[in-house]
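Undergrad: model this:
(one chain, ligands or ions: 1)
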Amino acid sequence: MTPHRLRQAWSAIAIAAAALVLGIATTVLMAASGAFHRTTPASWRAHDTRCGAPATKGSAVDVTVWDMGHMMRGPNGPAPNNGRHGWYGMGMMRLVARPATVPAGRVTVRVVNAGTLTHEVIVLPLPAGRAAGERAIGSDGRVSEAGSLGEASRTCGAGAGHGIVSGAAAWTTVTLRAGRYELLCNVPGHYAAGMYTELDVTK
Ligand SMILES: [Cu+2]
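TA: Take a look at the predicted model:
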C-alpha cells in the first residue's frame, strides 16, 4: 500500500466513522421526534409541523409518493410474475409531482410519503427522446443513478438518507437549468412498479 493509498484508506475510515455517528444521531433524533411511533402510517402528513419542509426561496415542487402495500402479496406469497423484471409482486406504486413545470433556478422538491412502504425521490436529467419510466432496470430492480442532481431520501430531513418512512416528509433543493427531468424512486422494484414522473423546467 503506497502512502497515497494509505491516506485514501484512512480518509475512507474517517468518513465511515463520521457517517456512523451521524446515523446514530439521526436515529436518536427520529426516536425523540416520534418518527418510529406513527400509528397511522398511510395518512397525509404534509402539515405535520414536526416533519415539514422549511420555507424556501425559488420554486417548490410537491411530490406525493404512495403504494398499495396491502395488495403486494397474494394469499400464497408473491403475486405471479408478469414477465417484467420479476418485480410484478411489488404491486402498483406512484409518484406524482405538482406543479409538473417550474422555471429554471432553485427548486425545492418536497416529498410526502403517503404510502405504507419506505420510498425516496431522486432527480435525474431525462435524456432527449426518452420519456419517464423508460430507464433500463437492473437485475437488482434499480436504475442507474449516474448523473443524479439530488435526492430526497432522509426521513424528516434534507438530502440523502436511508429512505423516507411511511407518513413522513423529506426534501431537497436543487438548481435546475431549463430542460426535462425525471423524478423517481429507486428502492428495488419501485421504478418498475410505476414510481416515476417527468418534471419540466422552463427558461
Ligand atoms: Cu418507492
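Undergrad: tell me the secondary structure for the nearest residue to residue 58 once chain neighbours are set aside?
TA: With sequence-adjacent residues excluded and distances taken as Cβ to Cβ, 6 or more residues apart in numbering, residue 58 is closest to residue 106, at 3.1 Å. Yep, even glycine has a C-beta here, placed from its N, CA and C like the rest. Recorded secondary structure, residue 106: strand (DSSP: H, G, I helix; E, B strand; the rest coil).
Undergrad: quick one: residue 106 and residue 175 touch, right?
TA: Yes: using Cβ atoms under 8 Å, residue 106 makes contact with residue 175 at a distance of 5.5 Å.
Undergrad: What is the neighbour count of the residue nearest to residue 58?
TA: By other Cβ atoms under 10 Å, the residues close to residue 106 number 15.
Undergrad: what sits against it?
TA: For residue 106, the contact set (Cβ atoms under 8 Å, 6 or more residues apart in numbering) comprises 56, 57, 58, 59, 173, 174, 175.
Undergrad: Quick check on those residues: which are buried?
TA: Burial by neighbour count, 16 or more other Cβ atoms under 10 Å: within the contacts of residue 106 this picks out 59, 173, 174.
Undergrad: can you tell me how far the nearest residue to the second one once chain neighbours are set aside sits from the ion?
TA: In other words, residue 173. Among residues not flanking residue 173 along the chain, residue 108 sits closest, at 4.5 Å (Cβ to Cβ, 6+ apart). To the ion, residue 108 is 20 Å away according to Cβ to the ion, to the nearest Å.
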